[in-house]
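Peer 1: quick one, fold the following:
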Amino acid sequence: MNQFTFKKAERISSQREIDCLFNQGDSFISYPLRVIYMKQKPFSGAAVSVLISVPKKKFKQAVKRNRMKRLIREAYRLNKKSLIQHCQEKENGLLIAFLYVGNELCQWKEMESVMQKVLLVLKEKME
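Peer 2: Presented below is the predicted three-dimensional model:
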């Protein structure tokens with residue numbers, strides 16, 4: 001039951017971590033997400049910390065932006081277990097930023113399949 005939670009410690013909240021991630025992190029695109037990642041232990045002590053962003057330029061209405069953030073967060077929450085276990089085995093930390101780059105709202109099934117692909121790519125890049 002505890003494995004599917006998404007606690008405050010798993011979110012990137014430090015401006016220093018955000019700046020470091022965007023300046024020094026590597027990235028790849030798995031449409032409609034651009035993923036920026038960096039191998040570093042988060043300040044919070046969690047194995048993996050995440051930042052989710054949906055640009056106001058693409059979605060003017062806050063309702064649509066919030067919906068996309070909820071979809072991304074939920075897809076990550078349900079599929080994160082294998083990535084966290086992999087990071088703990090390697091004794092590494094990981095900072096991740098999910099940036100939505102699509103022009104239209106996507107459906108749950110599409111977001112979940114994209115998130116599964118992204119997490120597999122991240123596990124490969126951690127090795």
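Peer 1: what about the helices in this protein?
Peer 2: All helices of the chain, identified by DSSP state H, fall at 15-24, 62-79, 81-90, 108-126.
Peer 1: helices or strands up against the helix or strand bottoming out on mean pLDDT in the chain?
Peer 2: Every helix and strand of the chain was ranked by mean pLDDT, DSSP states H and E. The lowest is helix 81-90, at a mean of 90. Counting contacts by 3 or more C-beta pairs under 8 Å, 6 or more residues apart in numbering; DSSP states H and E, helix 81-90 is packed against strand 48-53, helix 108-126. Backbone N, C-alpha and C define where each C-beta goes, glycine included.
Peer 1: same thing but 10 Å
Peer 2: Helix 81-90 makes packing contacts with strand 48-53, strand 94-100, helix 108-126 when contacts are defined by 3 or more C-beta pairs under 10 Å, 6 or more residues apart in numbering; DSSP states H and E.
Peer 1: parallel or antiparallel, list what pairs with the second one.
Peer 2: Read that as strand 94-100. According to DSSP bridges, strand 94-100 has the following sheet partners: strand 33-39 (antiparallel), strand 48-53 (parallel).
Peer 1: what would these look like in TSV with distance to Glu112, mean neighbour count and mean pLDDT?
Peer 2: Conversion of those to TSV gives the following (distance: least, C-beta to C-beta, whole Å; neighbours: other C-beta atoms under 10 Å; pLDDT from 0 to 100):
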stretch	distance to Glu112	mean neighbour count	mean pLDDT
strand 33-39	12	19	96
strand 48-53	15	20	96
